[in-house]
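K.L.:
My questions are about this predicted structure, shown below with the sequence.
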Number of protein chains: 2
Amino acid sequence: MELDRYDRQLLALLQQEGRISNQELAERIGLSPSPCLRRVRALEEAGLITGYHAELDAKKLGLTLLALIHISMDRHTPERFANFEARVSALPEVLECLLITGQDADYQLKVIVRDMDAYQALLLEQITRIEGVSGVHSSFVMRRVVDKSALPIP
Amino acid sequence: MELDRYDRQLLALLQQEGRISNQELAERIGLSPSPCLRRVRALEEAGLITGYHAELDAKKLGLTLLALIHISMDRHTPERFANFEARVSALPEVLECLLITGQDADYQLKVIVRDMDAYQALLLEQITRIEGVSGVHSSFVMRRVVDKSALPIP
DNA sequence: ATTTTTATCGCAATATTATTGCCATAATTC
DNA sequence: GAATTATGGCAATAATATTGCGATAAAAAT
């Protein structure tokens, strides 16, 4: 799909303000509401826009501890990996699980919990109990300098 | 602020479907539209909802390479850190910059670029040129097993 | 326990917004 | 340069958001 100036503007704006009205959206990009809405629908249909999400304040929800966990697996079999991924996907505290390159770890998890007690419980009772997990190393996030969901539009 | 059953439902739903209409939202949580809207506004006012964002498909935008960069600083002075953070915040490819604990790095960056050429350019021409950056270690993301923006509602 | 107070709901009226069909015009192709 | 296709704008209709207000339920106080 070919993106023109309008499409790029729409994507950029909707990344910033996902609940903006179509009328204001139209004004901002310099189109009338009807073609504007048609373009947004087209971007959704094409799968360029995959969804819309509210962003919440973690602290106000009592979630004060954000951590990165690097995980190594003992044996690199597809079953081990599939099982690990299924187990990890079911944990609501796991915001991100990335299969990464590098000698130090196979996966990096990003998890959010209330406090250190909850972290300990998650790590000891859930994550280290998953079959195949051999090495675990935690880093804690002291500050989120940048936290964007918005992709750069090429 | 005290959250009841309705508020929690609203937060959960809006995290999943940020552009759902107020009417459908009201139906789903079992309230009529007016108190539903008033609650959403209250959650926004209280800062529990900080914004709404469209989620885009990175691949369809031509952004195929996601990487984690661990960065160590030579001297841990406030000026060095402030300067680094300002420079990094200005780069659109940087989706996340976390100040983390651990001996291996001071920061972890998450960056997204078109390809390895773009990655090389970003690393060599931008990031390693920032004053104070002494150690850099890259990991590449092979697969995003979990990638949620939705926080667990306590 | 009963009264007072406060919070919050649902209804109804109004304002705003989304959606669709249609024609005109601009861009593209032949 | 003519034919074709794509895309914009207008206007009518449908749907949704928004607000005031009275009723009801929950909470606090006596």
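P.N.:
Okay, I see it.
K.L.:
mind listing what the strand with the most length in chain A pairs with, with the direction of each?
P.N.:
When chain A is parsed with DSSP state E, its longest strand is strand A:133-147. Within its sheet, strand A:133-147 is paired with strand A:65-73 (antiparallel), strand B:94-100 (antiparallel), according to DSSP bridges.
K.L.:
Nearest to DNA strand D, out of those?
P.N.:
strand B:94-100 (29.5 Å; CB to the nearest atom of the strand). C-beta: built from backbone N, CA, C; applies to glycine.
K.L.:
what residues does that closest one touch?
P.N.:
A:66, A:68, A:139-149, A:151, B:81, B:85, B:88-89, B:106-112 (CB atoms under 8 Å, 6 or more residues apart in numbering or on different chains).
K.L.:
Same check on stretch A:21-34?
P.N.:
Residues contacting stretch A:21-34 (CB under 8 Å, 6+ apart): A:6, A:9-10, A:13-14, A:20, A:35-37, A:39-40.
K.L.:
hmm, 6 Å instead?
P.N.:
Stretch A:21-34 has contacts (CB atoms under 6 Å, 6 or more residues apart in numbering or on different chains) with A:6, A:9, A:36-37.
K.L.:
Contacting DNA strand D as well, which ones from those?
P.N.:
Applying CB under 7 Å from any atom of the strand, the subset of the contacts of stretch A:21-34 adjacent to DNA strand D comprises A:Y6.
K.L.:
Just flag the most distant two among the contacts of stretch A:21-34.
P.N.:
A:Q9 and A:L37 (14.3 Å; CB to CB).
K.L.:
Would you mind listing the buried residues in the longest strand of chain A?
P.N.:
A:133, A:138-139, A:141, A:145-146 (16 or more other CB atoms under 10 Å in any protein chain shown).
K.L.:
neighbours of A:D117, just the number please.
P.N.:
10 (other CB atoms under 10 Å in any protein chain shown).
K.L.:
Buried residues, the strand or helix carrying it. List them.
P.N.:
In the assignment (DSSP states H and E), A:D117 maps to helix A:116-121. Residues of helix A:116-121 classed as buried by neighbour count (16+ other CB under 10 Å): A:118-119.
K.L.:
again, but for stretch A:83-94
P.N.:
Buried-residue list, stretch A:83-94, by 16+ other CB under 10 Å: A:84-85, A:87-88, A:91, A:93-94.
K.L.:
what does stretch A:45-53 give?
P.N.:
A:48-49, A:51-53.
K.L.:
How about stretch A:51-64?
P.N.:
For stretch A:51-64, by 16+ other CB under 10 Å, it's A:51-56, A:58, A:61, A:63.
K.L.:
Compute the first-to-last residue distance for it.
P.N.:
27 Å (CA to CA, to the nearest Å).
K.L.:
close to chain B, is it?
P.N.:
Yes. For stretch A:51-64, a contact with chain B is found by CB under 6 Å from any CB of the partner chain, at A:51-58, A:60, A:62.
K.L.:
Can you list the neighbours in contact with that stretch?
P.N.:
A:18, A:112, A:114, B:14-15, B:18-19, B:47-55, B:149, B:151, B:154.
K.L.:
which parts of chain A sit against DNA strand D?
P.N.:
A:6, A:31-35, A:38-39.
K.L.:
quick one: which of these is most hemmed in?
P.N.:
A:R39 (20 neighbours).
K.L.:
For that residue, which residues are in contact?
P.N.:
Applying CB under 6 Å, 6+ apart, the residues near A:R39 are A:L10.
K.L.:
cutoff 10 Å now
P.N.:
A:4, A:6-7, A:9-11, A:25-26, A:29, A:31 (CB atoms under 10 Å, 6 or more residues apart in numbering or on different chains).
K.L.:
Good, wrapping up.
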